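Engineer: Quick one: sequence and predicted model below, then my questions.
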Amino acid sequence: MTRCSFLGLFIILSCSPLSAQGIRITDVKGDIGCRDPVFSPDGTKIAFSSNKIGYTNIWVMDVNGKRQKQITKKLRNSSAPAWSPDGKKIAFQSYGIGPKDAKKNIWLFDIFVVNIDGTDLRQLTNAQSLGERAQHPCWSPDGKQMVFTRDARLWVMDSDGKNQFPFTPLPANKWERCCDWSPKEDTLAYIAVEEVRKPWKEYRRIWLIGLNRENQRRFSQETKVEDVQWSKNGQYFYYSTHPSLWKIKADGSEPPMKVLDWGPIFDSGRKFDISPDEQWAVLDDSGHDNEGNIYKYRLNSGITKESSSVEK
């Protein structure tokens, strides 16, 4: 049975201001950008993508922005880095160095993995053979598998690229992306993007599916979600909508709590990452008059609770 709860007005729990002043930890301008920041598992480093030197490639820096090091070189448009649980490798999407798909007139993303010192670069997928791009890698908590997007659907493979198979059933919920593995390894949370053309609209909602490939379901009616991430204890989700970051119980039993307002500097909902101690968030301002810098924000414990429409 499906029911909706917490329909109503905003409930203000505190008048304390949310932090809107981020700490900028990169300093680039114009056509140069730093994007896709993600914390290392121990919280001491941040991986990100940047075109500071030639093509966009994967970089690593300290959490204060110091000691920036380029990890990949000579690949085309490498982005969406994801740390392995042991912090020794980074998976990412890239055009690689191969030719683009002439029939579709596009470059095709593949999933790659590399050691954090830049050695042992390996390509895990083959978009050219399938004619389907592979994007948005995410490691399982034990590091043995990855989930990724292949065109519209979620796929799963071993972390060495073997045993690739489509995970979500057909028809796909439009475009499924930004997946995150639950700490208990029993559920995937992801964003399903649905386009409605008359009039044109784009709905981005949180969906869940069990690791047994059953119980696929829409989590809430919120239609402008950009990214989703599990809390470390698996009891909550963090998710972003413009211009805020929210935290909500994974069972939908309570309304969401606003933990950050990033203000007008950003022009849309953002991809983000939460530090291992859940005290900080990192995100970039790409698309706002430049190619983007990376900012670090301290999270609040929860100031505002909002009305919600959570499906059960």
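Structural biologist: Noted; the coordinates are in hand. Numbering: from 1, shown residues only.

Engineer: which residues of the stretch 51-200 of the chain fall in strands?
Structural biologist: Secondary structure of the stretch 51-200 of the chain, counting by DSSP state E, counting those that start in this stretch: strands at 57-62, 69-70, 79-83, 89-94, 110-115, 122-123, 134-139, 145-150, 153-158, 165-166, 175-181, 187-197, 200-210.

Engineer: Count the neighbours of K144 for me.
Structural biologist: 12 (other CB atoms under 10 Å). In this view, the C-beta of every residue, glycine as well, is placed from N, C-alpha and C.

Engineer: who's in contact with S231?
Structural biologist: The contact partners of S231, by CB atoms under 8 Å, 6 or more residues apart in numbering, come to 237-238, 247, 250, 274, 278.

Engineer: again, only this time at 10 Å
Structural biologist: 182-183, 237-238, 247-250, 274, 278 (CB atoms under 10 Å, 6 or more residues apart in numbering).

Engineer: mind saving the C-alpha coords of stretch 221-232 as CSV?
Structural biologist: Extracted in CSV, the C-alpha atoms of stretch 221-232 (Å, rounded to 0.1, in the frame of the first residue of the first chain):
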residue,chain,number,x,y,z
GLN,A,221,7.7,12.9,-4.8
GLU,A,222,10.5,15.5,-4.8
THR,A,223,11.1,16.2,-8.5
LYS,A,224,14.3,18.3,-8.5
VAL,A,225,16.8,16.1,-6.8
GLU,A,226,20.3,16.4,-8.2
ASP,A,227,22.3,13.9,-6.1
VAL,A,228,21.8,11.4,-3.3
GLN,A,229,24.1,9.8,-0.8
TRP,A,230,23.6,7.4,2.2
SER,A,231,24.7,8.3,5.7
LYS,A,232,27.5,6.2,7.1
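
Engineer: For the residue nearest the centre of the chain, which residues are in contact?
Structural biologist: Geometric centre of the chain, nearest residue: C178, 4.5 Å, by CA atoms, centre = their mean. Contacts for C178 (CB under 10 Å, 6+ apart) come out as 80, 135-136, 138, 149, 189-193, 204, 206, 225-229, 239-240, 271.

Engineer: Turn the strands of the stretch 51-200 of the chain into a markdown table, columns for mean pLDDT and distance to D42.
Structural biologist: Output for these, formatted as a markdown table (pLDDT from 0 to 100; distance: least, CB to CB, whole Å):
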| stretch | mean pLDDT | distance to D42 |
| --- | --- | --- |
| strand 57-62 | 98 | 12 |
| strand 69-70 | 97 | 17 |
| strand 79-83 | 97 | 9 |
| strand 89-94 | 98 | 14 |
| strand 110-115 | 97 | 16 |
| strand 122-123 | 96 | 23 |
| strand 134-139 | 96 | 15 |
| strand 145-150 | 96 | 20 |
| strand 153-158 | 96 | 24 |
| strand 165-166 | 94 | 32 |
| strand 175-181 | 91 | 18 |
| strand 187-197 | 87 | 23 |
| strand 200-210 | 90 | 28 |
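
Engineer: This completes my enquiry, with thanks.
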